[in-house]
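# Dropping the sequence and predicted coords here.
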Amino acid sequence: MRHARRRLCVRLACALDPARTPDADFVREFTVLVALVEAGFRHEETVMELLDYHRRHDHLADNAVVLAALHRALPLIEEGDIALGWRLIAALLDLLSLHRISTDLALVTMPGAPPGRQGSHLAGALKRRDYFKPSR
């Protein structure tokens, strides 16, 4: 889950770069990003269900709020409000980065979580403060 979320965050950051995503391409890219967020959320929700994560319903509610906001903004962005799209992508990038770390911490510390690499990797990344950096 962590790697999928990181890839999504990298894609969001690219959408904010006018050299990579000019205004003419932004509307199409925003639509693709919404679909990627939906797919990512479905994947996370499936994993949480398989792990019988006790706060899964809270997580589903958070995801629903994000998706509702994206879908409500989509027609405005399709009509040309690129600035709104940039603000939403920037906010989404921040939110997903925060959400990623809180989800990882919750899953690693839940009862029955497998010991070892997963927890130590997270702890090491947090100590190095590179947790939010894109994959290389």
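Nice, thanks for sending it over.
# CA atoms for contacts and neighbours, from now on please.
Will do.
# Tell me the buried residues in the strand or helix carrying Leu74?
Assigned by DSSP states H and E, Leu74 falls within helix 56-78. Buried residues in helix 56-78, counted by 16 or more other CA atoms under 10 Å: Arg56, His59, Asn63, Val66, Leu67, Leu70, Leu74, Ile77.
# Nearest the geometric middle of this structure, what residue?
Taking CA atoms, centre = their mean, the centroid of the chain lies closest to Leu96, which sits 3.7 Å from it.
# show me the contacts for that one.
Neighbour list for Leu96: Arg5, Cys9 [criterion: CA atoms under 8 Å, 6 or more residues apart in numbering].
# try Leu12
Leu12 touches Leu33, Ile89, Ala90, Leu93, counting by CA under 8 Å, 6+ apart.
# try it again with 10 Å
Shown in contact with Leu12 (CA atoms under 10 Å, 6 or more residues apart in numbering): Arg6, Glu29, Phe30, Leu33, Val37, Trp86, Ile89, Ala90, Leu92, Leu93.
# Quick check: ChimeraX command selecting the buried ones in these.
Buried subset of the contacts of Leu12, written as a ChimeraX selection, criterion 16+ other CA under 10 Å:
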select :6,29,30,33,37,86,89,90,92,93
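# Can you pick out the most distant pair from the contacts of Leu12?
Pairwise distances across these peak at 18.9 Å for Arg6 and Trp86 (criterion: CA to CA).
# Pull the number of nearby residues for Ala24.
11 (other CA atoms under 10 Å).
# From what I see, it and Asp81 are in contact.
No. Distance between Ala24 and Asp81: 11.7 Å, which falls outside the contact criterion (CA atoms under 10 Å).
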